[in-house]
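Visitor: how would this look folded up:
(chains A and B)
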2 protein chains.
Amino acid sequence: MSVTAAKGFTAAGIAAGIKENGNPDLALVVNTGPRRAAAGVFTSNRVKAAPVLWSEQVLKGGAVTAVVLNSGGANACTGPKGFQDTHATAEKVAEVLESHSAGEVAVASTGLIGVTLPMDKLLPGIGTAAAELSVHGGEKAAIAIKTTDTVHKTSVVTKDGWTVGGMAKGAGMLAPGLATMLVVLTTDADLDAATLDQALRAATRTTFDRVDSDGCMSTNDTVLLLASGAAEVAPEYAEFAEAVRAVCDDLGQQLIRDAEGASKDIRIEVVNAASEDDAVEVGRSIARNNLLKCAIHGEDPNWGRVLSAIGTTKAAFDPDQLNVAINGVWVCKNGSVGEDRDLVDMRYREVRITADLAAGSAEPVVIWANDLTADYVHENSAYSS
Amino acid sequence: MSVTAAKGFTAAGIAAGIKENGNPDLALVVNTGPRRAAAGVFTSNRVKAAPVLWSEQVLKGGAVTAVVLNSGGANACTGPKGFQDTHATAEKVAEVLESHSAGEVAVASTGLIGVTLPMDKLLPGIGTAAAELSVHGGEKAAIAIKTTDTVHKTSVVTKDGWTVGGMAKGAGMLAPGLATMLVVLTTDADLDAATLDQALRAATRTTFDRVDSDGCMSTNDTVLLLASGAAEVAPEYAEFAEAVRAVCDDLGQQLIRDAEGASKDIRIEVVNAASEDDAVEVGRSIARNNLLKCAIHGEDPNWGRVLSAIGTTKAAFDPDQLNVAINGVWVCKNGSVGEDRDLVDMRYREVRITADLAAGSAEPVVIWANDLTADYVHENSAYSS
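Guide: Residues are numbered from 1 along each chain as shown, chains lettered A, B, ... in the order given. Model (predicted):
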């Protein structure tokens, strides 16, 4: 049901011809109201694509009428021409929707960096998409934003009289700061922009921001949350925030499971850290260690590489008190050899690493990563050629 | 000529049976004097192997009579037993050399983490090695410290009456903070420990510390510089420091060229940074970007991934003024599309990336890295199994 699960939204996904292979590549999501409140979170990469620069400005107004998304080109590192193209795209959406302002149209793009979009195909495509807008269009929109994704990703949570739903794309470049990830969430709850912003930032901080497939951060990451108010219900903040978190968590899991070339999903839990920041730093360091990622691919419970990764951080710990479990077997105890590594069963896709810092009582933090495989190398060696 | 190129040193390399395949695995380097000054630089990983903890203490005394090195086991994360084993190793060397103190015997180990060394083979091996000590033993010592290295690495610089020579091992886990790299440098110059320390730190900072094969930092990195004074010459500091730097630079290059599974050596030069620190941060960020490393493997001049990596740093720059050249072709100008990427010839092993931050006038910084290949994944998936 995707972005049209909540009342007050229509969507469409079409093939505009941006992708040379003719696959769907343009999605349109429209908030039909009555409310048009919105919030957004964007890449923390300092090299930002034109649509990110544009949409950041749009979201400052706290209102979004429509979101137009394209795959087949990131429109990043395209100079003034790229920004003009994004602007023209928003203007075209405002025109075909007979909306009052392009300033309420968010734009998102994904694909190869450094290539100018074929505006002669994109602009007519907007008209085609607008003609196909439908309350059943959510799936098609989710399909149109795929790049190397093998499946489209959607999620919905329905509560007492209101709904949060959404779609996501992204299969590589997943990283803190939000990956090449485009996410549009919608809700029919009746909430203002400030409340949406608070809930969205809280949710992304512990979901998408802790999904680290390959440590690479994109220029285009965009997560939007739009509220139509069509349900005429204003839920309690805590309940709403939890629904947004649940949808983000589910979409984040789908991203990890579809990461480029991966054969394992690695769940890294850091416990007994002195602080949440320490736990996150340690989790990311483990998540990004190429030697460990290779070992997991080889179903080798190589806990020495976990300790080696922990040792590169500034977190509080005593090397002689570190404990590491892999799939529940404490292969490292007190910084040294623990239970028999042959007890570790690594046949399944999910691999669980627990790093016990024995340094404090911070809440456990979970970071998700993938293994490093020859397929990842192949897919990313050949991407632009 | 290795560690025995300089006068006043003997060395040996033998097979003690630590490696199950029977290859050489134990090296001994002895300073026969008259002087025994020494300096050392060790891993900055906070999880340090027992031999590193031991040798750091030895080097505080500024005098080293002998260095014993083994491959076939890192003796890292081995607890109190591991430290006792290192101590016993140093005591055995002092005993067979009839040296006055184990406190002047440095120990270095490399191999799998978390495995206790077979002391029943290592200790007798020390006697065997001592019996084979020779002024021609440098090559054999260099061979005995290999792990996944395909070739042994040595380098020598001879000046007016004095020499600096050395050996290195390391082919994976090369990273700032010094890789799984064991390096022993020797000189017959007559210098004190403080001078050696100054020259060694200056040299490693711009050579080994800027060699970043896979971003992973080892628990065992050790670089030692021993001076015998046998040449009876005390060179000027600047001339001596340059000789040490040249040997370190040569050995660092040999490490990159032999990195596990690599098919390309990537020379990343960062120019026009606001500071040296900025240049190093940007260079390392580029060096560690898995997507870029895959692209280089695929001979794809994907400059968007260079910009994406620069954008994750805190360095001073304006995204619209960044320029990137690959093998001399400025494929990115002013943050956008530059010269035709089809002009870039990437058939050769060395690939040169120049990142122009256009933010200041710091001296250029060069970081060396390798591409990411299926062979790297294979070699590191199967390492401990």
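Visitor: give me every residue that touches the residue nearest to residue A:130 when sequence neighbours are not counted.
Guide: Excluding the flanking residues, the one nearest residue A:130 by Cβ to Cβ, 6 or more residues apart in numbering or on different chains is residue A:96, at 4.3 Å. The C-beta positions use only the backbone N, C-alpha and C, and glycine is treated the same way. Going by Cβ atoms under 8 Å, 6 or more residues apart in numbering or on different chains, residue A:96 touches A:126, A:127, A:130.
Visitor: quick check: residue A:169 vs chain B, distance?
Guide: Separation of residue A:169 from chain B (Cβ to the nearest Cβ, to the nearest Å) stands at 17 Å.
Visitor: tally up the residues packed near the nearest residue to residue A:310 once chain neighbours are set aside, please.
Guide: Nearest residue to residue A:310, sequence neighbours excluded (Cβ to Cβ, 6+ apart): residue A:282, at 5.5 Å. Close neighbours of residue A:282, defined as other Cβ atoms under 10 Å in any protein chain shown, add up to 29.
Visitor: check the gap between residue A:282 and residue A:356 for me.
Guide: Distance of residue A:282 to residue A:356, computed by Cβ to Cβ, to the nearest Å: 10 Å.
Visitor: now swap in residue A:249 and tell me
Guide: Separation of residue A:249 from residue A:356 (Cβ to Cβ): 24 Å.
Visitor: and these two? Which one has more around it.
Guide: residue A:356 (20 against 17).
Visitor: excluding chain neighbours, what is closest to the more buried one?
Guide: residue A:323 (4.0 Å).
Visitor: can you pull the contacts of that neighbour?
Guide: Contacts for residue A:323 (Cβ under 8 Å, 6+ apart) come out as A:330, A:332, A:333, A:334, A:338, A:354, A:355, A:356, A:358.
Visitor: and of those residues, the nearest to residue A:364?
Guide: Nearest to residue A:364 among those, counting by Cβ to Cβ, is residue A:354 at 8.7 Å.
Visitor: can you count the residues close to the closest one?
Guide: Using other Cβ under 10 Å, the number of residues around residue A:354 comes to 21.
Visitor: phi first, then psi, for it.
Guide: phi -110, psi 120 (degrees, to the nearest 10).
Visitor: and the helices in chain A?
Guide: Counting by DSSP state H, chain A has helices at residues A:50-60, A:79-96, A:119-131, A:138-144, A:193-206, A:237-257, A:276-287, A:290-297, A:303-310, A:374-381.
Visitor: chain center to the last one: distance?
Guide: This means helix A:374-381. In terms of Cα atoms, centre = their mean, to the nearest Å, the gap separating the centre of helix A:374-381 from the centre of its chain is 21 Å.
Visitor: quick one: check it for contact with chain B.
Guide: Yes. Counting by Cβ under 8 Å from any Cβ of the partner chain, chain B has neighbours in helix A:374-381: A:374, A:376, A:377, A:378, A:379, A:380, A:381.
Visitor: try stretch A:145-163
Guide: No. Using Cβ under 8 Å from any Cβ, stretch A:145-163 stays clear of chain B, with a minimum separation of 11.7 Å.
Visitor: show me what residue of the stretch 151-300 of chain A gets nearest to chain B.
Guide: For the stretch 151-300 of chain A, the residue closest to chain B is residue A:298, as judged by Cβ to the nearest Cβ, at 2.9 Å.
Visitor: nearest residue to that residue other than its sequence neighbours?
Guide: residue B:381 (2.9 Å).
Visitor: thought the one you found was touching residue A:302?
Guide: No. With contact defined as Cβ atoms under 8 Å, residue B:381 does not count as touching residue A:302 (9.7 Å).
Visitor: which residues do the two both contact?
Guide: Between them, residue B:381 and residue A:302 share these contacting residues under Cβ under 8 Å, 6+ apart: residue A:295.
Visitor: any stretches of the stretch 51-200 of chain A with poor pLDDT?
Guide: A:171-179 (pLDDT under 70).
Visitor: what does it put close to chain B?
Guide: Going by Cβ under 8 Å from any Cβ, the residues of the stretch 51-200 of chain A near chain B are A:74, A:76-79, A:81-82, A:112-116, A:172-173, A:177.
Visitor: who wins for neighbours among those?
Guide: Neighbour count (other Cβ under 10 Å) singles out residue A:76 as the most crowded of those, with 33 neighbours.
Visitor: residue of the stretch 101-250 of chain A with the smallest distance to chain B?
Guide: Nearest to chain B in the stretch 101-250 of chain A, going by Cβ to the nearest Cβ, is residue A:113, at a distance of 2.6 Å.
Visitor: do you know how far that residue is from residue A:159?
Guide: Residue A:113 sits 39 Å away from residue A:159, going by Cβ to Cβ.
Visitor: and the contacts of residue A:323, which of them are buried?
Guide: Neighbour counting over the contacts of residue A:323 (16 or more other Cβ atoms under 10 Å in any protein chain shown) leaves A:332, A:333, A:334, A:338, A:354, A:355, A:356, A:358 as the buried ones.
Visitor: out of those, which are inside strands?
Guide: Cross-referencing the buried ones among the contacts of residue A:323 against strands under DSSP state E gives A:332, A:333, A:354, A:355, A:356.
Visitor: for the last one, give me its contacts.
Guide: Put plainly, it is residue A:356. Residue A:356 sits next to A:271, A:272, A:322, A:323, A:324, A:325 when contact means Cβ under 8 Å, 6+ apart.
Visitor: now tabulate those residues in a markdown table and tack on pLDDT.
Guide: Listed next are those as a markdown table, based on pLDDT from 0 to 100:
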| residue | pLDDT |
| --- | --- |
| A:271 | 98 |
| A:272 | 98 |
| A:322 | 97 |
| A:323 | 98 |
| A:324 | 97 |
| A:325 | 98 |
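Visitor: mind giving me the ChimeraX select for those, buried ones only?
Guide: Listed next is the ChimeraX selection for buried residues among these, using 16+ other Cβ under 10 Å:
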select /A:271,272,322,323,324,325
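Visitor: among the contacts of residue A:356, which lie within strands?
Guide: When DSSP E defines the strands, the subset of the contacts of residue A:356 inside them is A:271, A:323, A:324, A:325.
Visitor: which residues of the stretch 201-350 of chain A lie near chain B?
Guide: Residues of the stretch 201-350 of chain A lying near chain B by Cβ under 8 Å from any Cβ: A:214-219, A:288-291, A:294-295, A:297-298, A:300, A:302-305, A:307-313, A:317, A:319-320, A:322, A:332, A:334-337.
Visitor: now the buried members of those.
Guide: Buried, going by 16+ other Cβ under 10 Å: A:214-219, A:288-291, A:294-295, A:297-298, A:300, A:302-305, A:307-313, A:317, A:319, A:322, A:332, A:334-337, out of these.
Visitor: OK, contacts around the nearest residue to residue A:131 once chain neighbours are set aside?
Guide: Of all residues not flanking residue A:131 in the chain, residue A:12 sits nearest, at 8.0 Å (Cβ to Cβ, 6+ apart). By Cβ under 8 Å, 6+ apart, the contact set of residue A:12 is A:27, A:28, A:129, A:130, A:131, A:132, A:133, A:134, A:137, A:140, A:141.
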